[in-house]
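Novice: Below: sequence and its predicted model.
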Amino acid sequence: LSASGRPIIEQALLRKFIVYARHHCKPVLQDVDTDKLVKFYTELRRESAKSGGIVVAVRHLESLIRLAEATARTQLRSHVRDDDIDLAISVML
């Protein structure tokens, strides 16, 4: 058991899970989901330009999409959900 009391996953089983998820799960974004990402991206870009901070480029939006898809893949889902996008945004911030 781990320190949190949860059972530790064997490395071989974890490896099988990752291989399965990579080959069988291709989560896709829905139109509703993309709107939330675009709003966040434009707000982040606006704030970046206002404060003179790091320039936010399209690759940041692509990274958000990949993070949301990866989160959905870890749950073996075929679609990205709202909570996946929320997690990707929180990681980005």
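Specialist: Cool, the structure landed. Since this is a predicted model, take the numbers as computed values, not measurements. Numbering: from 1, shown residues only.
Novice: what about the chain, any weak spots by pLDDT?
Specialist: 1 (pLDDT under 70).
Novice: Quick check: buried residues in the longest helix along the chain?
Specialist: Secondary structure of the chain per DSSP state H: the longest helix is helix 31-51. Residues of helix 31-51 classed as buried: D33, K36, L37, F40, Y41, L44, R45 (neighbour count, 16 or more other CB atoms under 10 Å). Bear in mind the C-beta positions are built from the backbone N, C-alpha and C, glycine included.
Novice: Not counting its neighbours along the chain, what's nearest H24?
Specialist: L76 (7.7 Å; CB to CB, 6 or more residues apart in numbering).
Novice: List the contacts of that neighbour.
Specialist: By CB atoms under 8 Å, 6 or more residues apart in numbering, the contact list for L76 reads Y20, A21, H24, C25.
Novice: List buried residues within those.
Specialist: Buried among the contacts of L76 by 16+ other CB under 10 Å: A21, C25.
Novice: Sounds good, over and out.
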